[in-house]
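Student: got a predicted structure here, sequence first:
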Amino acid sequence: MEQSKIQNPKSKIQLIRQFPNAIGITALAVVLALIPPNIDNNYILAILIFVAQFTMLTIGLSLLMGYAGQISLGQATFFGIGAYTTAILSTHFKLSPWISLAAGVLLAAGVAYLIGMLIFRLRGHYLAMATLGMNIILFLVLTQEVEWTGGPSGFRGIPDLSIGSFMLSNDTHYFYLFWFFTLIVIAVSLNIVNSRVGRALRALHTSEIAAETIGIDTNAFKLKVFALSAAYGGLAGGLHATYLGFISPSTFHFGMSIELVVMAVIGGLASVWGAIFGAGIVMMIEQYSGTVIKAIIPNASGEQEIITFGLILMLIMIFIPEGLFSGLVSAGRRWYLKRTARAVGKA
């Protein structure tokens, strides 16, 4: 009886913390459900599908880098493992695309766990270079093993997913599928960061030595969050393969890993919700910056577009270093506090 009295306040606090997140997920789900019926444009739907894909990948990086404090430049590795596992099993071995997708998620997580046992002996820049190295190794394997991967020409003929006799065959179907899994990833991740595990990860980020002194098994937490981040990457990769029906090694080059880090940083490394903003902003810049630049400078080259993209990212990082989502939340909080203070002063 006494124990329940002691635990009750904690459980109430936990519920209070989860309530805004539940409202946010529900509101996002409602908004997403209304998009396809009101937008008769496959190009916009395709962009939003890729935003969902990159959100899953970026959330994995946020958990690993923003909460656990472990640098990774190899998220595209697990993205590629998920994609090619799904493709190979569903075509060469004629397995169900759903089984192939699940296998890609499990293989990505398993590979991450095994690699993590070796590379997490490293820290800082050495760890970053090790994760970058595994991305380069995967790229070489994908380009050289032509019989299995199709080599530089890519892998074609990946079957669509289906639910019973219902075939997912257009952008609207995949829009709902991608965002369904993205909402699950968001919900799971928010639950983790607001739990005892999340507190342990933040302690690990602050000081690994201090975390060990209070009884946290830092190595176990690093391996688990690395595997979870990889599982998110494998899930995004498998969905990517089934959506496009074609994949090539160039998609999973280490440049993709760098781009994912940029998305995580722009959205806010220690923010699950920020991943959506980071993925969305980078996608918008990539899609529309070229059009805007060419309208201003008709003879603009690709190099000028890249420079402009870099400048936009620099401005965001200079003026909102904590990330776009966290920065907006902080600005809103400051505005509310000033307004409240003025109202109290007038009263």
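Tutor: Perfect, thanks for sending it. Worth saying up front: this structure is predicted, and the values here are computed from it rather than measured.
Student: low-confidence ranges in the chain?
Tutor: Scanning the chain with the threshold set as pLDDT under 70 gives 1-18, 290-298, 300-306, 308-309, 346-347.
Student: now the closest residue to L324 other than its chain neighbours: how far from F226?
Tutor: Distance criterion C-beta to C-beta, 6 or more residues apart in numbering; nearest residue to L324, sequence neighbours excluded, is F277 at 4.7 Å. C-betas here are computed from N, CA, C, even on glycine. Distance of F277 to F226, computed by C-beta to C-beta, to the nearest Å: 24 Å.
Student: okay, those two: which has more neighbours?
Tutor: The neighbour comparison of F277 against F226 (other C-beta atoms under 10 Å) goes to F226, with 27 against 23.
Student: who touches the nearest residue to the more buried one once chain neighbours are set aside in this structure?
Tutor: Excluding the flanking residues, the one nearest F226 by C-beta to C-beta, 6+ apart is G116, at 4.4 Å. Residues near G116 by C-beta atoms under 8 Å, 6 or more residues apart in numbering: K222, L223, F226, A227.
Student: out of these, flag the one nearest to R121.
Tutor: Taking C-beta to C-beta as the measure, R121 lies nearest K222 of the contacts of G116, at 10.5 Å.
Student: starting at the chain centroid, how far to the stretch of helix or strand the closest one belongs to?
Tutor: Using DSSP states H and E, K222 sits in helix 218-244. In terms of C-alpha atoms, centre = their mean, to the nearest Å, the centre of helix 218-244 is set 9 Å apart from its chain centre.
Student: now it: buried residues?
Tutor: 218, 221-244 (16 or more other C-beta atoms under 10 Å).
Student: the helix or strand following it pairs with which strands?
Tutor: Counting by DSSP H and E, the next helix or strand C-terminal to helix 218-244 is strand 246-247. Using DSSP bridges, the strands paired with strand 246-247 in its sheet are strand 155-156 (antiparallel).
Student: what about I258, distance to F78?
Tutor: 15 Å.
Student: between those two, which one's more packed in?
Tutor: Between I258 and F78, counting by other C-beta under 10 Å, F78 is the more crowded of the two (36 against 15).
Student: show the contacting residues for the more buried one.
Tutor: Per C-beta under 8 Å, 6+ apart, neighbours of F78: G60, A108, V111, A112, S229, A230, A231, Y232, G233, G234, G237.
Student: what's the distance between it and S189?
Tutor: Taken as C-beta to C-beta, the span from F78 to S189 is 16 Å.
Student: same thing with Y243?
Tutor: The value you get for Y243 to S189, if C-beta to C-beta is used, is 22 Å.
Student: N21 too?
Tutor: N21 is 10 Å from S189, by C-beta to C-beta.
Student: so between the two, which is more surrounded?
Tutor: Counted by other C-beta under 10 Å, N21 and S189 do not tie: S189 has more neighbours, with 24 against 18.
Student: residue contacts, the residue lying closest to that one once chain neighbours are set aside?
Tutor: Counting by C-beta to C-beta, 6+ apart, V272 is the residue found nearest to S189 once chain neighbours are left out, at 4.7 Å. For V272, the contacting residues are I59, S62, L63, I186, S189, L190, V193, by C-beta under 8 Å, 6+ apart.
Student: distance from the chain centre to the helix or strand hosting W148, please.
Tutor: In the assignment (DSSP H and E), W148 maps to helix 146-149. How far helix 146-149 lies from its chain's middle: 28 Å, per C-alpha atoms, centre = their mean.
Student: buried set for that helix?
Tutor: Residues of helix 146-149 classed as buried: T149 (neighbour count, 16+ other C-beta under 10 Å).
Student: thought I99 was touching F93?
Tutor: No - look at I99 against F93 with C-beta atoms under 8 Å: they stay out of range, at 9.6 Å.
Student: neighbour count: those two, which is higher?
Tutor: Neighbour count, other C-beta under 10 Å: between I99 and F93, I99 has more, with 13 against 10.
Student: who are the contact partners of the more buried one?
Tutor: For I99, the contact set (C-beta under 8 Å, 6+ apart) comprises L89.
Student: quick one: which helix or strand includes it?
Tutor: Going by DSSP H and E, I99 is in helix 97-119.
Student: buried set for the helix or strand following that helix?
Tutor: Per DSSP H and E, the first helix or strand lying C-terminal to helix 97-119 is helix 124-144. Buried residues in helix 124-144, defined by neighbour count with 16+ other C-beta under 10 Å: L127, A128, A130, T131, L132, M134, N135, L138, F139, L142, T143.
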